[in-house]
Structures are given as structure tokens and as C-alpha cells.
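In: task: produce atomic coordinates for the following.
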Amino acid sequence: MQPFSFQVPTKVVFGAGSVKNVSSEVDALNAKHVMIVTDPGIVKAGLVDKVTEPLCAAGIAYSIFDEIEPNPKTTTIIRGAEVMKEAQSNVVVALGGGSPLDAAKAVAVMAVNEGPIEDYCCAGADPWPVAPPPIIGIPTTAGTGAEVSAAAMLNLVSEHRKVDIFGDTILPVTAILDPELTVGLPPNLTAWTGIDALNHAFEAYIAIYANPFTDMLAEKAIELAVNNIHKVYKEPTDLEARGNMLIASAMAVMSAGAGLGVIHSLAQTIGGYYDAPHGLAIAVCFVPGTQYNLSVEQKKLGRISQIMGTDISGMSQAEAAKSVIPALQKLLKNLDIPTGFDSLGVKEKDIPELAKIAMLDGCTPYNPHPLDEHAFVELFQQGLAV
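Out: Numbers count the residues shown, from 1 in each chain. As a prediction, this is how the structure comes out:
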């Protein structure tokens, strides 16, 4: 077994109605002023009130920056940082799906650091000279797990690609997982984000730095996701299933310290280039990326298929691994996920450039089956041929 390190320092507060604890969590951080980072849809849905009401009751001042778009752009981050500087906030509350949570981390960094944000992208751990204020993550989707992640994905407008910033100082100190906040999520977004959660665990389980701790978390996250995702898709008010998906999402990202892989490389490339929704891109890329990996980690792929309900008794290791493909296809079909990269806007003429961008993706080195530019060209071509 290769040496490894494992760390999950984020405090997790779970339960229906647990968002009311935000005031005590903020107060424990000696907040003088709180910056709430979110998006217009969260404001419209009335979910911001679930945060501001306990803050007001506790006499804690706050401001709201609600301009975050899907696949948050670096230009938006700079606007948010200016608002935070002006408000002199010393605690950040990130409320929403993956985009607001990731954006909040970058806003916190840029509120206390100079220079273009591009200097901190893909630049290793904590490349900024000044540590950002503490962050509390409150997800309204069960998907990205950004509330327990030390990374943030941003859309680098100048290069039409998604890049990350990374560091322990942007890892939220507290994650509040309240299933009531996810009930109003439309069925399609419920499915897309849920598949993202499943994929984090799936790819981490077979990634090159998988270890006993990440395997344990990944297996449980896969189990919770496959047993609850269809329930929340068909019965959106099922709070137990919603809660299980939130737990699966957080556990999956905790396991992703092992690395991710080709499915994320493909999806993030497509998302950055065509502004496609991340969860949908993951779902569409899930089967092609898994097919690429069938020759490696076959025992673990067979175990995933077994967790998904396949009887693998009597199968060879290779047969058990291959059985994960129909299991995935059935799951995705039941969630009305489209097939084919054309559903994400991918065009044949763009494939050479897409392959180059995918090679730069931070997940590419962690895939268990090595990748090169030619492999990505073939993957994009195969994805279009579906």
C-alpha cells in the first residue's frame, strides 16, 4: 500500500431545519460583519431568508452578493470581492449549489489579496499571501460537496476553460446540511446534481491515490446515492431521501482527496468551453468515461456494480467490471438524462482544441488509465457518435 494522508477538518451540522444554527456558527467565529454569497435563484426562492432571519435575531450585520452565475466567471468574483471589501466583512456564508459555494471561496480570497485572480489558478495549495476570512458552506443542492471541499472551480473567461483554486484556507470551517433547503430544487437539477455526487465517489474509488479511508467513504456515498437519487427525483419532498443525498454528496467529496478522473476532465472541459451545466455534463460523460477505464481497477468497478444492484456471482472480474455499464445506463435513463455530447453543445470542429484543454484539466493526472491528447480526441468523437 502506498503512503497517504487524509484530513477532513470541516465541522458538519446536519438535520432538517439546521440552517437556523447559522447564527451560532457565525458568532463562534467572532463575526463583525457577514458576507452572504449566493445567486439570484436562491434569493427568488426565499432561501436567503432562512439565513438572514437567524442572523437578524442574533443582531449580526450582513450584506448579500447575489450575482453568481452557473460556472462562475472570474470577472464576477472580482465584483464580489469589491463588495466584500467595502462591507469590511470578516466571515463569509456561502449559500446555494456548487457555483455560489465555489465562488464564495474565491471572493473571500480576492477580498484580502491583490493581483489578478489568474495568478492563483492552478497554482498549488494556498498560493495567496493573505489567508481569507473563514467560510461557512450551506448547500441547497446535493451534488458538488463544495461545502467540504478545499477547491473551487471557476470559469476563466479569457481562455474558455474551467480552472481551480485550492487550499486549506478556503476549506469551509462549517458545513450546514439542511435537507429542507433542497426540497424546492427542480427534478432535472435534482438528478444532475445527484449524479455529480455519485460520480465524485465513483471516480475517487478508482483514482490513483485511493486509500482505505477514501474507499470507505466512497462506498457508502455510492450506496446512499444509488438508493436515494430516484426517490428524490420522483418524490421531491422526501426529507429522509434528501438528507441521505446531502450526506452522500459530502462523503463523496471527502473521498475525492484520492483524486477524480476522466469523467470530470471531459465534463469540466465541456462546461468551460460551452457553459454547459456541470451536473448534466458529468451525467452525459459518465458512461463514455467509465468505458475508457474498464481495463483497470476491475475489482473495484465490479464492486460498484454490485452496490448498484447487479448480481456479479459467477462472473469473472472483467465481466463484473463491464456490468457496471448497463447499471449506469439504467440509472441515467430512469433520471431522463440525455445521451451524446451534442446535447451539451459539443461540435466536431472543436474536438482538437477540446482535447488540448482536457489534458490541462486538474483531474486528468489522477485517472487510473493514463490519458493523452489522442485518447481525449477519441473520447470526444465517441461521445458525439452516440
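In: make it CA atoms for all contacts and neighbour counts henceforth
Out: Will do.
In: wait, Pro133 touches Ala106, no?
Out: No. If you go by C-alpha atoms under 8 Å, Pro133 and Ala106 don't touch, sitting 10.9 Å apart.
In: what about those two, which has more around it?
Out: Remark: of Pro133 and Ala106, Ala106 carries more neighbours, 29 against 20, as counted by other C-alpha atoms under 10 Å.
In: dump the residue contacts of Val112.
Out: Contact analysis of Val112 by C-alpha atoms under 8 Å, 6 or more residues apart in numbering lists 85, 130-132.
In: of those residues, which belong to helices?
Out: The helices, defined by DSSP state H, take in Lys85 from those.
In: going through the contacts of Val112, which ones are buried?
Out: 85, 131-132 (16 or more other C-alpha atoms under 10 Å).
In: wait, which of the residues you listed is closest to Asp336?
Out: Of all the buried ones among the contacts of Val112, Pro132 has the smallest distance to Asp336: 40.6 Å, by C-alpha to C-alpha.
In: distance check, that closest one against Ile78.
Out: 14 Å (C-alpha to C-alpha, to the nearest Å).
In: and what of Ser249?
Out: 28 Å.
In: neighbour count: these two, which is higher?
Out: A count of neighbours by other C-alpha under 10 Å puts Ser249 above the other of Ser249 and Ile78, at 34 against 18.
In: what's near enough to touch the more buried one?
Out: 142-145, 194, 197-198, 221, 225.
In: one more pass at 6 Å, please.
Out: Residues near Ser249 by C-alpha atoms under 6 Å, 6 or more residues apart in numbering: 142-143, 145, 197.
In: relative to Asp196, how far out is it?
Out: 8 Å.
In: who touches both of these two?
Out: Contacts common to Ser249 and Asp196, judged by C-alpha under 6 Å, 6+ apart, are Gly143.
In: can you put the contacts of Ser249 in JSON lines and add neighbour count, secondary structure and pLDDT?
Out: Shown next, in JSON lines, are these (neighbours: other C-alpha atoms under 10 Å; DSSP: H, G, I helix; E, B strand; the rest coil; pLDDT from 0 to 100):
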{"residue": "Ala142", "neighbour count": "34", "secondary structure": "coil", "pLDDT": "95"}
{"residue": "Gly143", "neighbour count": "32", "secondary structure": "coil", "pLDDT": "88"}
{"residue": "Gly145", "neighbour count": "29", "secondary structure": "coil", "pLDDT": "94"}
{"residue": "Ala197", "neighbour count": "31", "secondary structure": "helix", "pLDDT": "97"}
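In: including distance to Lys349, could those go into TSV?
Out: Output for the contacts of Ser249, formatted as TSV (distance: C-alpha to C-alpha, whole Å):
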residue	distance to Lys349
Ala142	35
Gly143	31
Gly145	34
Ala197	31
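In: picking up where we left off before, closest one to Gly309 out of the contacts of Val112, please.
Out: Using C-alpha to C-alpha, the contacts of Val112 come closest to Gly309 at Pro132, 44.3 Å.
In: excluding sequence neighbours, find me the nearest residue to that closest one.
Out: Val109 (4.9 Å; C-alpha to C-alpha, 6 or more residues apart in numbering).
In: likewise Tyr292?
Out: Tyr292 sits nearest to His369 (C-alpha to C-alpha, 6+ apart), 7.6 Å away.
In: please identify the helix or strand for the one you found.
Out: Under DSSP states H and E, no helix or strand contains His369.
In: ok, it - how many residues close by?
Out: His369: 18 neighbours (other C-alpha under 10 Å).
In: now Gly124
Out: 12.
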